[in-house]
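[1] 3D, please:
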Amino acid sequence: MKDLTHSIDNKRIELKQRLAASFRLFSKCGFDDGSAGHITVRDPEYHDCFWVNPYGIHFSQIKASDLLLLNEDGEIQHGEGEVNGAAFAIHSEIHKARPDVHAAAHSHSLYGKAFSTLGKLLDPITQDACAFYEDHSLFNDYTGVVYEKSEGQRIAEALGKSKAVILRNHGLLTVGGTIDEAVWWFISMERSCQVQMLAESAGSPISIDPKYAKHTHTQVGTPESAKEDFKPLYDRIVKEQPDFMK
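    As a prediction, the model looks like this:
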């Protein structure tokens, strides 16, 4: 029993450090828009609870010790700080609807916000964009800041079984079986939005043939590929900003 408890504790520490690192990475990428944005990860022991950033702390300053553990009612089980109402409304419903999702990421990134106003999906115009081919959806509505759980449920329904959803007039949201996946998919999707808007501003981009887009998805759209792409970013932030691990 002691070994099992020790293993869970170690896993929780690792998850919290990886989550804190993800906020530092989001900050380096310019995804820190005021107090907006949140990334969550399911607790390894209490599966109906998840860790999230406290409201009002800049992504570049977040440490593992700052994170909050919330239960399914939005009550703080561990940590001190203010709960972001939108973070709870959205993420609690996604974690509830998708037992396979252990992490979810959302922020008001520049290109994600811009692309979301178009009310459409990404086209498979690059190899990287193929990671989302037939694997992302559109929440084609906007009613204000998400504070109601019912709105979180609608977003979860729009997400379906996909790895990402474009929230119209709002931004991007990505999920994964690990923090590595959810965070890398967000970074990659943000860049794909940027590339498509640049390409469309210059002319009419040529889409990859559906047959090859599907094939490429099996190469670059897997959990394994996301973890491989996330690793060098994690290694970089560990070297540059090791204080996040405290």
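
[2] pLDDT weak spots in this structure?
    1-6 (pLDDT under 70).

[3] so where does the most centrally placed residue in it fall, helix or strand?
    Residue closest to the average C-alpha location in the chain (C-alpha atoms, centre = their mean): Ala105, at 1.8 Å. Using DSSP states H and E, Ala105 sits in strand 103-107.

[4] So which elements touch that strand?
    helix 2-28, strand 38-42, helix 85-97, strand 171-176, helix 179-202 (3 or more C-beta pairs under 8 Å, 6 or more residues apart in numbering; DSSP states H and E). Glycine gets a C-beta too; all of them are placed from N, C-alpha and C.

[5] Same list (these) but as CSV, adding distance to Leu138.
    As requested, the helices and strands packed on strand 103-107 are exported to CSV (distance: least, C-beta to C-beta, whole Å):
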stretch, distance to Leu138
helix 2-28, 23
strand 38-42, 21
helix 85-97, 16
strand 171-176, 11
helix 179-202, 13
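
[6] Tell me which of those approaches Ile208 most closely.
    Proximity to Ile208 (C-beta to C-beta) singles out helix 179-202 among the helices and strands packed on strand 103-107, at 12.5 Å.

[7] That closest one vs strand 171-176, what angle?
    Here helix 179-202 runs at 140 degrees with respect to strand 171-176, directions being taken by axes from the mean of the first three to the mean of the last three C-alpha atoms, to 10 degrees.

[8] For stretch 193-207, output the C-alpha coordinates as CSV.
    The C-alpha trace of stretch 193-207 is given here as CSV (Å, rounded to 0.1, in the frame of the first residue of the first chain):
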residue,chain,number,x,y,z
CYS,A,193,-4.5,28.8,-38.2
GLN,A,194,-1.8,31.3,-38.8
VAL,A,195,-0.5,29.5,-41.9
GLN,A,196,-4.0,29.2,-43.4
MET,A,197,-4.8,32.9,-43.0
LEU,A,198,-1.4,33.9,-44.4
ALA,A,199,-2.0,31.5,-47.4
GLU,A,200,-5.5,32.8,-48.0
SER,A,201,-4.4,36.4,-47.9
ALA,A,202,-1.8,35.6,-50.6
GLY,A,203,-4.1,33.6,-52.9
SER,A,204,-6.0,30.3,-53.0
PRO,A,205,-4.1,27.6,-51.1
ILE,A,206,-4.2,24.1,-52.6
SER,A,207,-5.5,21.4,-50.2
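
[9] Buried residues of that stretch, list them for me.
    Across stretch 193-207, burial judged by 16 or more other C-beta atoms under 10 Å covers 193-196.
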